[in-house]
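1. Quick one, what's the 3D model for this:
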Amino acid sequence: MAILSICSCYPKLLPNPKLHQPSSFSLYSNPQVSLNPLESPKNPLISLTESISKTTFLALLSASLFFTPNPALAFKGGGPYGAGVTRGQDLTAKDFSGKTLIKQDFKTSILRQANFKGAKLLGASFFDADLTGADLSDSDLRSADFSLANVTKANLSNANLEGALTTGNTSFKGSIIKGADFTDVPLRDDQREYLCKIADGVNTVTGNATRETLLCE
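-> The predicted model follows:
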């Protein structure tokens, strides 16, 4: 009878096949891994590089906007005195009389009828400037640069041009040079010959005769 009891209970101990069907999740499955074969995991190093590149670009863009130079400052006078913009400007009939403009930059400026009477212009640059009819009388023009400048019909009476540079096509035609001092000014032969024809007077500051400073015969 005991054997029959065990046999009769045996079918109840058999496992239910439905309980052992494979589950969609197992110990070997990783829910974070994509099943899409076209999608590859992103490399953290690449992400970091892209982030740094974007940050660098934004920093450079901000710096370029912040440090963009003012166009006006690009032509600011080069000397320690006279902070106004004087290079490449139209300064027709402007009054600079009596001013201290040491090493001031007037390159390529239009200075027709400008007033520089009694101004201190040591080492100033008038390179390729138009000084037609300008008043430079009694001014200190030592070592000033008149290369390619147009100084026609200008008033240079009693001006001190010692050591000034006048190479190129500098023209003094029609200018007043009474009492002007041209000591050590390198002039072309035709320039010197023309100036000697109209040279007269003595500079009241240096005591030098204009003709002597021009080495006139």
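2. all helices in the chain, in order from the N-terminus.
-> Along the chain, the stretches classed as helices by DSSP state H are 2-13, 44-66, 189-198, 210-213.
3. averaging pLDDT over each of the ones you listed, which comes out lowest?
-> Comparing mean pLDDT over those, the weakest stretch is helix 2-13, at a mean of 42.
4. If you average pLDDT per helix and strand, which one of the chain comes out bottom?
-> Sorting the helices and strands of the chain by mean pLDDT, DSSP states H and E puts helix 2-13 at the bottom, at a mean of 42.
5. Show me the shaky parts of this structure.
-> Segments of the chain classed as low confidence (criterion: pLDDT under 70) are 1-84.
6. Using CSV, write out the CA atom coordinates for stretch 129-143.
-> Taking Å, rounded to 0.1, in the frame of the first residue of the first chain, the C-alpha atoms of stretch 129-143 are listed here in CSV:
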residue,chain,number,x,y,z
ALA,A,129,51.7,114.9,-46.7
ASP,A,130,50.2,117.9,-48.6
LEU,A,131,51.4,121.1,-46.9
THR,A,132,50.5,123.4,-49.7
GLY,A,133,50.2,127.0,-48.3
ALA,A,134,50.8,125.8,-44.7
ASP,A,135,52.3,128.3,-42.2
LEU,A,136,55.4,126.7,-40.6
SER,A,137,57.1,129.9,-39.6
ASP,A,138,59.1,130.0,-36.4
SER,A,139,58.5,126.3,-36.0
ASP,A,140,61.0,123.8,-34.7
LEU,A,141,61.3,121.1,-37.5
ARG,A,142,64.5,119.5,-36.5
SER,A,143,64.8,115.9,-37.8
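7. could we number from 39 for the rest of this?
-> Will do, 39 is the new start, and the previous item becomes stretch 167-181.
8. ok, residues contacting that stretch?
-> Applying C-beta atoms under 8 Å, 6 or more residues apart in numbering, the contact partners of stretch 167-181 are 135, 144-162, 187-203, 214. For glycine as for every other residue, the C-beta is placed from the backbone atoms N, C-alpha and C.
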